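> generate coordinates for the sequence data below:
(2 chains)
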Amino acid sequence: MVITGSALFIEPGTMDAVLEKLRRFHEVTFHVHSESGTELVVNLEADDTTDLESLCSRLKEEIHQIVDITHIYVNFEDEIERMQAGPAR
Amino acid sequence: MNMTRREMIKLSAAAFAAGALNIPVDRDAGAAGDRIEVDKWVKGSCRFCGTGCGVYIGVRQGKVVGVRGNPEAQTNFGFLCVKGFKGYMSMYHPDRLKYPLVRGADGKYKRVSWNEALDLVCKKFKELQQKFGKDAVAFYGSGQCMTEESYTFNKLWKGGFGSNMVEGNPRLCMASAVGGYVTTFGTDEPAGAYSDIEKARTFFIVGSNMSECHPIIFRRIARRKLKDPDLINVIVCEPRLTSTARIADVWLPADPGTDLAVFHCMARELIKNGWTDKWFIENLCRFNTGKQVVDFKAYVEFLEQFTPEAVEKKTRCPAANIKEAARLFGSQGPTMSLWTMGLNQRTRGVWANNLVHNLHLITGNICVDGADSFSLTGQPNACGGVRETGALSHLLPGTRPVTIPEVRDQVEKAWGLPPGKIDPNPGAHTMQMFASLGAESDAKKPIKGMLITTTNPAQSLPNGHKYWKGMKEAFLVVLDIFPTRTTQFADVILPAAFIYEKGGVYGCSERRSQLTSKCVDPPGEAKPDLWIGAQIAKRMGFEKLIPWNGDDPRTAYKMAWDDYRNCVKLTEHTIFGMTYERLEKSEAGLQWPCPDEKSPGTERRYVRGRDPIMDMPQIVKVPSSARIYFYGDKNHEGKANVFLRPYKGAEEPPDDEYNFFLTTGRVIEQWHSGTMTMRVPEIARSQPNAYVEINPTDAEKHRIRNGDLVKITSRRGFCILPARVVKVSLPGILFVPWFDQDWDRMINRVTIDAFDAGSKQPEFKICAVKISRFGDPKDVADMKIISSVDEPFPVKV
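Residues are numbered from 1 along each chain as shown, chains lettered A, B, ... in the order given. A predicted model of the protein is given here:
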């Protein structure tokens, strides 16, 4: 399980529309936004980092007002143990 | 408050993110930050790119289990990119080199003890030096080594062996920026800092796909642009319509290698429209052809040839865009320019740097808040580790030329050497060094042995064909954490520790040094580079010169750092006030000049009241009346040079046969030759192979469809890559990322090794190629890595 503290950078004036669309994503928890309304602080939850990448791609594809997504904190949980067990290539 | 563990983690993660964004959060969430399950959080910096992002490494039961951005870091304010938060995971890849290896007579590697490996290396180095002279053994380092490591190897070679055969991969990425700063301002590195980003109104981003190569810096700019789109202006000068250009007001799509004309044209427009600073021009600018000093009038006359219309014909960059860029640059300041390899990796790299500096000097867009001419460095410690410690063939610590007798004298005294020990002649630069590397029996190759650390020249040198034989036939010692194309040529492989397994100082683009503390132990018998260097010194009779050969990394690295601090104490680059204790306590690190322990460091150079060097006559004399003074000026007038550089294009422009420009670069997910990032499965999967970007018009002409295999051929070699048919590049321009280790896709088989006459930096960014459709689409997402040290190089060399 991977849990992030992430920032969604969105186009000016689109916050309400973005928040509305985010409701469709149960893996996304919205916390707070910047004064300008162009930065949203969210949690993203995913089974693993591959799933996280996929979630980010879907967010960008389905919510075109998202300019960028950046993860500021990532809790990897058991990812390291899996790495040590061998590359999942 | 009754929370589940999952809720606690979510809230804590959100609190960190909000803190980084300066968004107020509720107190409970903030307090939860310390309750995430790790044994300790260790402060450090990211080991990718030159931004210098501050991080905290989470350690549990002796393993790194998490990473978070450091909200107090003045570089990234807590933000991290994909490499920053995932790249460290490569530490735990099963391919890690854990034991010293020596190649046997059968060509296979055999595990040996450290004593056996080091004794063999030193015996061979001594033998080569005795037989062929002190310069027969070279050092080739990296902008990813810790500062203490680069300093140590540099000291061992120059002070111990008396040889200047010291180079590093920053020659391939930043040498032209150094040349630009030194020729214009008389001294290396920027006047300002990243903090100018929050104060600038106009950004001139040139030769940099910042959104992929320096994503955190891009994010700082993007935040400003998105927050206030009408006030903030962004100009992007770059032949590809990259993701960076998405936030641009003006795009200047000049053909590769032609932007010198664009910069001169902008200068012409600035002067014609009065968007200049008369006081700055009269008091702080010296107009210089490179051969003689001329006056402002001569500069104006020189620029007359660069009309917007003439420049459009030469460059394909629309005249109207250049005019608008000049207007924004000159009238909507303060203006900050940022660039990287697009300017540097050129045969006219120094000149390109000079001409960007020109724009700042004639408009007074430097030495004031929000205005700077700022080179972004490519690697995490190219500035701090290699440029500043002088770990290049022509330099000594403090980025000072080895050719200057007073500099040699001072360094000899600092190192306790007899006068005359340091060779006054520069050693071979990187391309010359590898061209001179070869077998003992080859009389044309004077360099017979080399120690390479933390870099992969067999993949990263341009026109690789020319240099592989030398690497194979010479006595090659390679320090690394994984097998690479370079270890395939090694005689001895020494397993190195990752940054978080040893600690040390990195110095980023903005003159900021940050200390990383050791977090965990290295795997197997892997050792820090510093220990390896000091052990070699000890075995070769230089223990007095390099006494930090103990097993405790913190003690050894601190000793090396203190030695370095003392060596550059009375230089413009002084870091004397940056003690380990201060750096350990500081969340953000310190910027030089930092002459004493009370100094808060220097955000802005050359300005009285802000730069301590202005009032340190023991280092440089500055008139008491001077408010701004470029004290690196060799003429002691406090002026910077505005250069009248003639227009010259690329070394190998397209012609009838090789009719495309090829340009190469990075992508956001991968780092350099991919040896680390390709071992993080998620990163590897997201960018599993190199490709060629081709404009739809060109693709149609050559009957190439998306995914088809394309053969790219230059005068030096060929590659076969899948096509990405996109409008990103202009017609006639191809782009290929260079991270891929796969033989068919290793693009430096194709690139040109011509180099800048001043900086000696090769022209990775431009060569002429032809293309042909090679075959139908094929799955090449093989995420190639070299897993075994015994995997042979793909061809006989």
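
> could you list the low-confidence segments of the chain?
Assuming you mean chain A. Applying pLDDT under 70 to chain A flags residues A:76-89.

> the chain in question should be chain B.
B:1-5, B:20, B:25-36, B:682.

> residue of it closest to chain A, please.
When scored by C-beta to the nearest C-beta, chain B has residue B:13 as its residue closest to chain A, at 3.1 Å. Where you see a C-beta, it was placed from the backbone N, CA and C, and this is true even at glycine.

> for that residue, give me its contacts.
A:3-5, A:43, A:72-75 (C-beta atoms under 8 Å, 6 or more residues apart in numbering or on different chains).

> out of those, which is nearest to chain B?
Using C-beta to the nearest C-beta, the contacts of residue B:13 come closest to chain B at residue A:5, 3.1 Å.

> does the strand or helix carrying that closest one come close to chain B?
Using DSSP states H and E, residue A:5 sits within strand A:2-10. Yes - judged by C-beta under 8 Å from any C-beta of the partner chain, strand A:2-10 comes into contact with chain B at A:3-7, A:9.

> which one of those residues sits in the busiest neighbourhood?
Of all the residues of strand A:2-10 next to chain B, the highest neighbour tally under other C-beta atoms under 10 Å in any protein chain shown goes to residue A:5, namely 31 neighbours.

> and the nearest residue to that one once chain neighbours are set aside, helix, strand or coil?
Nearest non-adjacent residue to residue A:5, counting by C-beta to C-beta, 6 or more residues apart in numbering or on different chains: residue B:13, 3.1 Å away. Secondary structure, DSSP: H, G, I helix; E, B strand; the rest coil: residue B:13 is helix.

> for residue B:13, give its distance to residue A:72.
Residue B:13 sits 8 Å away from residue A:72, taking C-beta to C-beta, to the nearest Å as the criterion.

> got it, and residue B:461?
Taken as C-beta to C-beta, the span from residue B:461 to residue A:72 is 37 Å.

> coming back round to it: direction included, what does the strand holding residue A:5 pair against?
Each strand paired with strand A:2-10, and its direction, by DSSP bridges: strand A:39-46 (antiparallel), strand A:66-75 (antiparallel).

> which parts of the last one are buried?
Put plainly, it is strand A:66-75. Buried residues in strand A:66-75, counted by 16 or more other C-beta atoms under 10 Å in any protein chain shown: A:66-75.

> got the end-to-end distance for stretch B:311-326?
This stretch, stretch B:311-326, spans 14 Å end to end (C-alpha to C-alpha, to the nearest Å).

> give me the residues contacting it.
B:204, B:235, B:237, B:249-255, B:258-259, B:261-262, B:264-266, B:269-270, B:273, B:275, B:308-309, B:647, B:730.

> in what helix or strand does the residue minimising distance to the centre of chain B lie?
Residue closest to the mean C-alpha point of chain B, counted by C-alpha atoms, centre = their mean, is residue B:378 at 2.8 Å. Counting by DSSP H and E, no helix or strand carries residue B:378.

> same deal with residue A:50?
Counting by DSSP H and E, residue A:50 is part of helix A:49-62.

> residues in contact with that helix?
With C-beta under 8 Å, 6+ apart, helix A:49-62 has contacts from A:2, A:4, A:8, A:21, A:24-25, A:27-28, A:44, A:46, A:66, A:69, A:76, A:79, B:86, B:681-682, B:685-686.

> related to what we said a few turns ago, any idea how far the nearest residue in space to the residue nearest to the centre of chain B that is not next to it in sequence is from residue B:184?
Distances taken as C-beta to C-beta, 6+ apart place residue B:173 nearest to residue B:378, at 4.1 Å, with adjacent residues excluded. From residue B:173 across to residue B:184, the span is 19 Å (C-beta to C-beta).

> what does residue B:363 give?
Taken as C-beta to C-beta, the span from residue B:363 to residue B:184 is 14 Å.

> how about the contacts made by residue B:787?
Residue B:787 sits in contact with B:95, B:483, where contact means C-beta under 8 Å, 6+ apart.

> sorry, back to before: in ChimeraX, how would I select just the buried ones from the contacts of helix A:49-62?
What follows is the ChimeraX syntax selecting those of these that are buried according to 16+ other C-beta under 10 Å:
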select /A:2,4,8,21,25,27,28,44,46,66,69,76,79 /B:86,681,682,685,686
